[in-house]
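Below are the sequence and a predicted model for it; my questions follow.
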Amino acid sequence: MNLKGLRLRYFRRVGVRRWWTLQKSQEELKKELFKFIEKLVGKDGLKVFRELMKYDSVSEDQIADDLGMKVNDVRKILYKLEEYGLVKNYKERSEDGMQMIYYWYIDREMLNRRLLRLKQQVLEKLKARLKKEEDETYFYCPRDLLRFSYSEAMLHDFTCPRCGTPLEMEEDNITKAILKKLIKKLEEEIKHEESVL
């Protein structure tokens, strides 16, 4: 059997699964990125960002033409993205030498750093929430499923303010388990991304 045949057999056996999981994770990362961009600059901003992804660098006029938007609206969005450090621009003189044309491109390194910083902030918030969950005792209403901290339950004499049912103490806190799982997953992602950067 030749080397090409060996590679093909190996790819069939192992490579396809690895390729599929890699593709899946990249698609998930893209979705996360698009959600992040949409939260920063809105739906029109996401359209502009997606258009920028198609090019190494592109003029704001070209983006406006491709998306059917006004140049001023595109420019405002690009400046917002630049404020967040996600895109950069450079300028060149037009062919007639009369005006300056701005070309925009995605600053991929800064984008990765920004996303990493955001994940670190989320991780800190999750850890603080977990600490609060572990330090507090919680009660719940078995009828309305409302949840109360110890101090809130004490204020209501350990009865539900909505229906009057006696509150029960939470034994197994599902919230803690979910938070621990999220923290572990996020720590792994951050560790991986820090090693890549």
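Sure thing, it's come through.

quick one: the strands in the protein?
Ranges of strands within the chain are 58-59, 87-93, 100-106, 138-140, 147-149, 168-169, based on DSSP state E.

How is this protein partitioned into domains?
Following automatic domain parsing, one finds the domains of the chain at 3-106, 111-196.

pLDDT averaged over the lengthiest helix in the chain - what is it?
In terms of residue count, the longest helix belonging to the chain (DSSP state H) is helix 16-53. In this model, helix 16-53 has an average pLDDT of 75.

any idea of the angle it forms with strand 87-93?
50 degrees (axes from the mean of the first three to the mean of the last three CA atoms, to 10 degrees).

elements contacting helix 16-53?
In this structure, helix 16-53 packs against helix 60-67, helix 71-83, strand 100-106, helix 108-135, with contacts taken as 3 or more CB pairs under 8 Å, 6 or more residues apart in numbering; DSSP states H and E. Heads up, the C-betas are built off the backbone N, CA and C, glycines and all.

Can you give me the buried ones in the third one?
This means strand 100-106. For strand 100-106, burial by neighbour count (16 or more other CB atoms under 10 Å) applies to 103, 104, 106.

export the strands of the chain to JSON lines and tack on mean pLDDT and distance to residue 75?
Shown next, in JSON lines, are these (pLDDT from 0 to 100; distance: least, CB to CB, whole Å):
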{"stretch": "strand 58-59", "mean pLDDT": "92", "distance to residue 75": "11"}
{"stretch": "strand 87-93", "mean pLDDT": "91", "distance to residue 75": "10"}
{"stretch": "strand 100-106", "mean pLDDT": "92", "distance to residue 75": "8"}
{"stretch": "strand 138-140", "mean pLDDT": "91", "distance to residue 75": "51"}
{"stretch": "strand 147-149", "mean pLDDT": "91", "distance to residue 75": "48"}
{"stretch": "strand 168-169", "mean pLDDT": "91", "distance to residue 75": "58"}
